[in-house]
Structure formats: structure tokens, C-alpha cells
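K.L.:
no FASTA, just this:
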């Protein structure tokens, strides 16, 4: 096939999470070429007529959507599939509406809570209704991904501390910020891909926090993801084997992840992030319709644990797109 890989615009001085998108797009192109496809790379232009011309000129059979941000805003990533839908071209991943819903984390949590899916309590500015004094909260971006500004200072235990952290992050990074109850417990990432039978759940890894000092919050923050030399990156490890060791928990996580994907309306592939509290109860932190597809990232690791090569994973993502 002729595959046009459209990726976010990445400047020379872009932060590592944005540069990673371009590196991943290149890795996908190389892999697809190795499998016999014609793979072309192009940056996304939010002007519909420009993208129309690009797709037409490329004569692409399918677009591999690697647009994770537009105009330096993750919340505008949905513009890409919206334009692809106008064109009537096949493309990988979810549609615009589901990307917008999943990308607004407080809204997605409200939809999941209304449907009976477990998710930690949360509160939004400016009133911060529902905050419980003395409880720990994680102050997070409502719309930006890649663990933006997520570090030890993101944990707050008073209304004043929550409000101050949110104000600081808004001034520094812009956008909306909210507080989510910090669940002291284990963390899991569930990778899913659609096949002819529905959502297939890949082997589920636990994110382990090895040799972390007492009192240091167990979170997969910005440094853990993007600074390979940091303590957080070196001591945050991925361990498979849950299906064999704790089949009941594995089945619960898989079932909840499938229900969440169906509820949000995702398609193609996705990732659901969980915390499991001391009582063994899973909580959905968020649903990601654009999980990282880098060869060394978690989604590819889950595929490898399932016995797939990176090329197998790319073919399955294309197959899922063509079935939409």
C-alpha cells in the first residue's frame, strides 16, 4: 500500500516528547518500507485545503495518523482526523469526536463515572468542589499529554496547595489544570488493538517503582518518561506476567479497558492507564487514543510480549484502520 504518515509539526528546539513523535514517525516509515509498502512522511497542516492537496498528491491508500498536537496544543490534535474524515480517506486510530472526549480528562472521567466505570475522584478550578482536606491529590493538565509538569511537586494535600499548584502550572504552561485523587498502589498500562472480533488486550505490564525513597510519590512523571539519565527513568521499570500470576486482576483490567474504549468511542488502538489500590480495586486514570508507538515504548513492548514484531504491530494497526 501507499501509506502517508502525517505527523505533528516538530521544531528544532521542540521538547523531547515532541521530538519523539517525529522519531517514531520515521521508525514507522522505515518499518513499513521494509515490509514492502511505500511510506511517505509529511508534517500536518491544520489548513484543510493544504492537507487535502497533500493527500491527493501522495495518492495514499491510507493515512497513518501521528498528529499528537497542532499549533502547539494537544487539544487540537482532533483537527487531523476531522480533516481526514472530510476527505473520506482511511486513517489509523480514533476519530475526531472520541479524541476530543478522551483528550479532555475531567470530561472523560465524568463520562466514565456516569457509566459506572471506576475512576479516582477529581475536582476542577476555580471552586475545587469535592476536595477532601488531608487527602492527597495529583495536579494534572486537563488536556495535555506526555506527563506535562508531572513531578513530586504535583502532589498536594490541602485546597490551598492544590489551587497554588494549578495556578503555577497554568501560568507556566497555559491551559486548564485539575486535581485527581492520588491512589497509593500499583500501576498498570493496558494496550489494546482492534481486530475482527473486537478489542484485543495485549499482555499487561505493571509499572514498578524500584528502590524509591520512602515518601517519594510513586508516579510516572515527566522525568521518568523523557529524561533517561534521571533516577525516575532508571528506577521505573516494566514487568509482564500478570495474566499468569494474578489472572483475576488481569481479567478485571482487561474488561474495564474494553468497556472504557467502547464508551469513549475509540477505534484502532488505545491504551488505558490504571492504579490498583490496597484493596485490589482498579481505578481508570485515563484513556489514551494516541499512545506512544515508538519501538522502545510500552505499546511496542506489550506487542513483543504477545509474540509480535514491531512490523507485525504496524500491520495490525493498518488492518484495524481499513476495517473502520
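P.N.:
All right, it came through fine. This is a predicted model, so every value here is computed, not measured.
K.L.:
which residues in the stretch 201-324 of the chain form strands?
P.N.:
Counting by DSSP state E, counting those that start in this stretch, the stretch 201-324 of the chain has strands at residues 206-209, 236-239, 269-276, 282-288.
K.L.:
Sheet-wise, list the partners of the first one with their directions.
P.N.:
If I follow you right, that is strand 206-209. Paired neighbours of strand 206-209 in the sheet (DSSP bridges): strand 186-195 (antiparallel), strand 236-239 (antiparallel).
K.L.:
ok, so what distance separates the residue lying closest to residue 232 once chain neighbours are set aside from residue 152?
P.N.:
With sequence-adjacent residues excluded and distances taken as Cβ to Cβ, 6 or more residues apart in numbering, residue 232 is closest to residue 224, at 3.9 Å. C-beta here means a position set from N, CA and C on the backbone, and glycine is covered the same way. Using Cβ to Cβ, to the nearest Å, residue 224 is found at 11 Å from residue 152.
K.L.:
and what of residue 318?
P.N.:
Taking Cβ to Cβ, one finds residue 318 at 40 Å from residue 152.
K.L.:
same question, residue 91
P.N.:
On the measure of Cβ to Cβ, residue 91 and residue 152 end up 39 Å apart.
K.L.:
Repeat that for residue 14.
P.N.:
25 Å.
K.L.:
and what of residue 219?
P.N.:
8 Å.
K.L.:
So these two - more neighbours on which side?
P.N.:
residue 219 (22 against 12; other Cβ atoms under 10 Å).
K.L.:
list the contacts for that one?
P.N.:
Shown in contact with residue 219 (Cβ atoms under 8 Å, 6 or more residues apart in numbering): 138, 150, 154-155, 182.
K.L.:
Among the residues you listed, which pair sits farthest apart?
P.N.:
For those, the maximum inter-member distance is 11.6 Å, found between 150 and 182 (Cβ to Cβ).
K.L.:
if I look at the residue found closest to residue 177 once you drop the neighbours it is linked to in the chain, how far off is residue 150?
P.N.:
Counting by Cβ to Cβ, 6+ apart, residue 177 lies nearest to residue 166, which is 4.1 Å off, once chain neighbours are set aside. Taking Cβ to Cβ as the measure, residue 166 falls 13 Å from residue 150.
K.L.:
Ok, residue 12 next?
P.N.:
Counting by Cβ to Cβ - residue 12 and residue 150 are separated by 25 Å.
K.L.:
Between the two, point out the one with more neighbours.
P.N.:
Taking neighbours as other Cβ under 10 Å, residue 12 and residue 150 compare with residue 150 leading, 22 against 5.
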